[in-house]
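Trainee: This is a predicted model, with the sequence first.
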Amino acid sequence: MKVTLENIYISPGHNYFGRYGKTSLGYEIIERDEIELVAGKGVVDDRFFDYLDDYKGQITFFDWDVYQKVKNEVVKGELDPSKFRRNVLLKGIDLNELIGKRFSIDGIELTGSCECSPCFWMDEACAEGTEEFLKGRGGLRARILKDGVLRLGSAELEILGDIQ
């Protein structure tokens, strides 16, 4: 099926992760035209690269249509898509369909680990009510099975089967 990679991001540090009860930090999020994926490691130059062995969130995805809904229904104004701090905003598939599945994007194989559940920081990053709105649609954490490069624009996504 055809999908579109609308935005691609990396960040060198954690603004929210592991910061419960503390203030957020100010690491920049860097927009890219492409990112390099390394099997079992993550996205080169991203904060989760080689974070833990077999880490479930080597790459994260966010649904472009959900972004539009947050922007229009919760924020009711402009919203930079980088605020969700996911690596790729993807248009054309409900990301929950990829949980527990092996899939490929332009030949790069991945597995959908779990929802990238929203946390209370979403209210700070976007607007009050964002965390609640995103429950059940916070994005996708995935493991990388095959090295490759993801690029902005149209791509072919194929569901390869269930995770064994």
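Mentor: Yep, that arrived. Quantities reported herein were computed from a predicted structural model and do not represent experimental measurements.
Trainee: other SSEs contacting the helix or strand of the chain with the lowest mean pLDDT?
Mentor: Every helix and strand in the chain was compared by mean pLDDT, DSSP states H and E; the lowest is helix 121-125, with a mean of 78. Contact here means 3 or more Cβ pairs under 8 Å, 6 or more residues apart in numbering; DSSP states H and E; on that basis helix 121-125 packs against helix 130-134. Yep, even glycine has a C-beta here, placed from its N, CA and C like the rest.
Trainee: Let me see the mean pLDDT of the helix it packs on.
Mentor: Mean per-residue pLDDT for helix 130-134: 91.
Trainee: How about the contacts made by the closest residue to residue 142 other than its chain neighbours?
Mentor: Distance criterion Cβ to Cβ, 6 or more residues apart in numbering; nearest residue to residue 142, sequence neighbours excluded, is residue 110 at 4.5 Å. Contacts for residue 110 (Cβ atoms under 8 Å, 6 or more residues apart in numbering) come out as 59, 102, 103, 104, 142, 143, 144, 145, 146.
Trainee: can you pull the pLDDT of residue 110?
Mentor: Note on residue 110: pLDDT of 98.
Trainee: Quickly list what it is bridged to.
Mentor: Per DSSP bridges, the residues bridged to residue 110 are residue 103, residue 144.
Trainee: any idea how far residue 152 is from it?
Mentor: Look at residue 110 and residue 152: by Cβ to Cβ, to the nearest Å, they are 18 Å apart.
Trainee: So which of the contacts of residue 110 wins on neighbours?
Mentor: Ranked by the number of neighbours (other Cβ atoms under 10 Å), those place residue 142 first, at 27 neighbours.
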